[in-house]
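> Here is the input, now give the coordinates:
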Amino acid sequence: MAAAMGEIEDKLAELTQTFRSGITKSVAWRKNQLRALIELLQDNEDKIFKALHQDLGKHPVETYRDEIGLIKKSAKYALSCLDKWMAPKKRRLPLLFFPASGEVVSEPFGVVLICSAWNFPINLALEPLIGAIAAGNTVMLKPSELAVECASFLAETIPLYLDCKAIKVTNGGVDVCEQLLQQKWNKIFFTGNPRVGSIVMSAAAKHLTPVTLELGGKCPAILDTLSSPLDIKVTVKRIIGGKFASCNGQVCVGVDYILVEKKFAATLIESLKTTIKKFYGENPKDSKSISRIINEYHFERLRKLLEDPLVADAIVHGGLLDKENLFIEPTILLDPPLDAEIMTEEIFGPILPIITLNNIQESIEFINSRPKPLAIYAFTKDETFKKQIVSGTSSGSLIFNDTLVQQLCDVLPFGGVGQSGIGRYHGHYSFETFSHEKAIMQRSFFLELEPRYPPWNDFKMKFLRLAYDFDYFNLLLLLLGLKR
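The predicted model follows:
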């Protein structure tokens, strides 16, 4: 352990020295690293496909959609916008400061720590890395040890493409995480669950280190009554896609449960069954289009949720478990007990509870009685109801009539609120997350305002009152002696 600690300290020392050299602040360095990252993805597609299949059983199409293609798009976007993001932003100053100019300059925090998660082991490692590079930081990347092959790939491949004095990868388990958190960083970016997030935040507080925490929560899908058969078909496909078709439900922004009126539940269940069959065939276990559970621990966690007697009675579809292959069939529950663990903890697996309500308006109160989710998905054409959801709920993001697409959009922030996270990233928001916005003001020696200095008198009080009230007309009259 002492050797591991020494290795971490040596890496941190080199990252610090590299940052202090100033090389990472240049636009040329940042662009070169982003281009190299794109090249890394292009050159190593097959290796990434293989690693993600070994770790999670992901199909290459799913891997490209959620990992390779998404990160290439993000890196290209950052590359195309970098000059604009780095440019000082002029600010128009009030007349009170005349003559003066003001601007805001984005500067890198320094040496940052990025801890990524296992469910999207390439995406969740490289997406924040893009922001850290674009902002001009040096980086220590800690991939999740649970995605073993992907962690090894990142550790072996990143030094071949990126500046190894400025970007380093450290692999290991909980002990390595603890050692990393003992160090002083200029910024920590963590993706994971709220329990570990609180540990990260506590460790960061010792050094007053700013943190971004991308956590999770129970993301609901509100399903209003839809009259059109086409609307229902599209809605169900998007819900299935947002639950089972991405890492088999092991997604922080995946649909955790559905809220629907009782009268619509039977139709919904039949539509869900039909679509699951269409996506995965008669026997989903034989499908190559569905991911497996990451490891035995999480398989057992999900099994225990389903074996709760009251929950088992609520199963209306699926429920097949294969421990040897770490496979759990897409499973639908109808009205499990609200105090059961499956309705109080994030599921993070292929189990979809349906909660019925007398009136869909009750969904707002239902959501508000629980911790703020990372995302809310609402399927409705009712514009009044949309406004009620916007104003009446709080979540990291709110998406109408689709699921998961918000994480593909570079121009919208991605992040949580409350228990679902702190901070935001993606696109320009990643650049901002890894930057300090420094205010710069320049003043002239001309025109000194004496009322700001002692000795105090009534005239100076009047001057300050008018100045702070932005009453420049009367202030001018006062200075000209035309006002008493």
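> Give me the nearest residue to the spatially most central residue of the chain, chain neighbours excluded.
By C-alpha atoms, centre = their mean, the chain has its centre lying nearest to Gly415, at 4.2 Å. Leaving aside its sequence neighbours, Gly415 sits nearest to Arg424 (C-beta to C-beta, 6 or more residues apart in numbering; 3.3 Å). For the C-beta atoms, the positions are set from N, CA and C on the backbone; glycine is no exception.
> ok, and what's touching stretch 45-60?
41, 63-64, 66-68, 118-119, 121-122, 146-150, 152-153, 157, 247, 250, 288-292, 294, 326 (C-beta atoms under 8 Å, 6 or more residues apart in numbering).
> if we can go back for a sec, check contacts around the residue nearest to Gly415.
Counted by C-beta under 8 Å, 6+ apart, Arg424 has contacts Thr212, Pro413, Phe414, Gly415, Thr433.
> who are the neighbours of the strand or helix carrying the first one, in terms of helices and strands?
Put plainly, it is Thr212. Taking DSSP states H and E as the definition, one finds Thr212 inside strand 211-214. Strand 211-214 sits against strand 187-191, helix 194-205, strand 421-422, with contacts defined as 3 or more C-beta pairs under 8 Å, 6 or more residues apart in numbering; DSSP states H and E.
> follow-up on the earlier one: tell me, what's the model's pLDDT at the residue nearest to Gly415?
Per-residue pLDDT puts Arg424 at 97.
> likewise Arg465?
85.
> quick one: it from Asp458, how far?
11 Å (C-beta to C-beta, to the nearest Å).
> and if you look at Thr384?
In this view, Thr384 and Asp458 are 57 Å apart by C-beta to C-beta.
> Check Gly131 too.
For Gly131 relative to Asp458 (C-beta to C-beta), the value is 54 Å.
> follow-up on the earlier one: can you say which of the contacts of Arg424 are buried?
Burial by neighbour count, 16 or more other C-beta atoms under 10 Å: within those this picks out Thr212, Pro413, Phe414, Gly415, Thr433.
> Check what pLDDT the fourth one gets.
What it means is Gly415. On the pLDDT scale, Gly415 gets 97.
> isn't it right next to Gly396, touching?
Yes - taking C-beta atoms under 8 Å as the definition, Gly415 is a contact partner of Gly396 at 5.5 Å.
> so what's in contact with these two at the same time?
Gly421.
> pLDDT wise, what is the residue nearest to Gly110 when sequence neighbours are not counted at?
In space, Gly110 comes closest to Asn186 once its chain neighbours are excluded; the distance is 3.4 Å by C-beta to C-beta, 6+ apart. Here the pLDDT value assigned to Asn186 is 98.
> which residues sit in contact with Asn186?
Phe109, Gly110, Val111, Val112, Asn137, Thr209, Pro210.
> Dump those residues to TSV, plus pLDDT.
As requested, the contacts of Asn186 are exported to TSV (pLDDT from 0 to 100):
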residue	pLDDT
Phe109	98
Gly110	98
Val111	98
Val112	98
Asn137	98
Thr209	98
Pro210	97
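> Which of those fall in strands?
Val111, Val112 (DSSP state E).
> how many neighbours does the nearest residue to Lys243 once chain neighbours are set aside have?
Using C-beta to C-beta, 6+ apart and skipping the chain neighbours, the partner closest in space to Lys243 is Val255 (4.4 Å). Using other C-beta atoms under 10 Å, Val255 is surrounded by 25 other residues.
> Give me the pLDDT value at Ser227.
pLDDT, read off for Ser227, is 68.
> what does Phe446 give?
pLDDT for Phe446: 86.
> how near is the nearest residue to it once chain neighbours are set aside to Leu326?
Using C-beta to C-beta, 6+ apart and skipping the chain neighbours, the partner closest in space to Phe446 is Pro99 (6.1 Å). According to C-beta to C-beta, Pro99 stands 69 Å off from Leu326.
> Compare those two and say which is more crowded by neighbours.
Neighbour count, other C-beta under 10 Å: between Pro99 and Leu326, Leu326 has more, with 18 against 11.
> from memory that one sits against Ile293, does it?
Yes - with contacts counted by C-beta under 8 Å, Leu326 reaches Ile293, the gap being 4.4 Å.
> what residues do the two have in common as contacts?
Residues within reach of Leu326 and of Ile293 at once, by C-beta under 8 Å, 6+ apart, are Phe299.
> ok so, going back, just the buried ones from the contacts of stretch 45-60?
Listed as buried from the contacts of stretch 45-60 are 41, 63-64, 66-68, 118-119, 121-122, 146-150, 152-153, 157, 247, 250, 290-292, 294, 326; burial here means 16+ other C-beta under 10 Å.
> Mark which of these are part of helices, please.
The helices, defined by DSSP state H, take in Leu41, Thr63, Val148, Glu149, Cys150, Ser152, Phe153, Thr157 from the buried ones among the contacts of stretch 45-60.
> got a list of what the second one touches?
Right, Thr63. Neighbours of Thr63 in contact, by C-beta under 8 Å, 6+ apart: Ile48, Phe49, Leu52, His53, Ile122.
> how much space between it and Ala265?
35 Å.
> Repeat that for the fifth one.
Using C-beta to C-beta, one gets 39 Å for the distance from Cys150 to Ala265.
> re earlier: let me have the contacts of Asn186 in CSV, adding distance to Leu79 and neighbour count as columns.
What follows is these, written out as CSV (distance: C-beta to C-beta, whole Å; neighbours: other C-beta atoms under 10 Å):
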residue, distance to Leu79, neighbour count
Phe109, 21, 21
Gly110, 22, 18
Val111, 23, 27
Val112, 20, 28
Asn137, 17, 27
Thr209, 28, 20
Pro210, 26, 18
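> export the contacts of Asn186 to JSON lines and tack on distance to Leu37?
JSON lines is the format used below for the contacts of Asn186 (distance: C-beta to C-beta, whole Å):
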{"residue": "Phe109", "distance to Leu37": "20"}
{"residue": "Gly110", "distance to Leu37": "20"}
{"residue": "Val111", "distance to Leu37": "19"}
{"residue": "Val112", "distance to Leu37": "16"}
{"residue": "Asn137", "distance to Leu37": "14"}
{"residue": "Thr209", "distance to Leu37": "25"}
{"residue": "Pro210", "distance to Leu37": "24"}
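> out of the contacts of Asn186, who's nearest Ala75?
Within the contacts of Asn186, the smallest distance to Ala75 is 15.7 Å, found for Asn137 (C-beta to C-beta).
> I'd guessed that closest one sits against Val112; true?
Yes - with contact defined as C-beta under 8 Å, Asn137 reaches Val112; the gap is 4.8 Å.
> Over to Val139. Which of the three states is it?
Three-state assignment for Val139 (DSSP: H, G, I helix; E, B strand; the rest coil): strand.
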